[in-house]
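Peer 1: Need a 3D model of the sequence below.
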Amino acid sequence: MTLLPSENVENPVAVRYACQDYAMGDLFNTEGLPALSFRTDDWDMNN
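Peer 2: Numbers count the residues shown, from 1 in each chain. Below you'll find the model as predicted:
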């Protein structure tokens, strides 16, 4: 599980991580392996 707290977002509805083709991620698990891109929404990303 990943917790993503933010003082700037009172009621978050979705999360995206490294969702662009050129994104360099900086999220790793306890074994040192990088996390894959993910998103929790299905909104159109072209807007």
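
Peer 1: quick one: Leu4 and Asn46, what's the gap?
Peer 2: 24 Å (Cβ to Cβ, to the nearest Å). C-beta here means a position set from N, CA and C on the backbone, and glycine is covered the same way.

Peer 1: what about Ala35, neighbour count?
Peer 2: For Ala35, the neighbour count with other Cβ atoms under 10 Å is 13.

Peer 1: Which parts of this structure are strands?
Peer 2: Here the chain has its strands, by DSSP state E, at 16-17, 38-39.

Peer 1: what is the residue positioned nearest the centre of the chain paired to in the beta sheet?
Peer 2: Centroid-nearest residue in the chain, with Cα atoms, centre = their mean: Tyr17, separated by 2.3 Å. On the basis of DSSP bridges, Tyr17 is bridged to Phe38.

Peer 1: need the contact list for it.
Peer 2: The contact partners of Tyr17, by Cβ atoms under 8 Å, 6 or more residues apart in numbering, come to Gly25, Leu27, Ala35, Ser37, Phe38, Arg39.

Peer 1: how about the residue lying closest to the third one once chain neighbours are set aside, what does it touch?
Peer 2: Counting by Cβ to Cβ, 6 or more residues apart in numbering, Leu27 is the residue found nearest to Ala35 once chain neighbours are left out, at 4.2 Å. Residues near Leu27 by Cβ under 8 Å, 6+ apart: Thr2, Tyr17, Ala18, Pro34, Ala35.

Peer 1: about what we covered before: just the contacts of Tyr17 now: which is nearest Glu10?
Peer 2: Arg39 (20.4 Å; Cβ to Cβ).

Peer 1: Quick check: that closest one touching Arg16?
Peer 2: Yes: between Arg39 and Arg16 there is a contact at 4.3 Å, judged by Cβ atoms under 8 Å.
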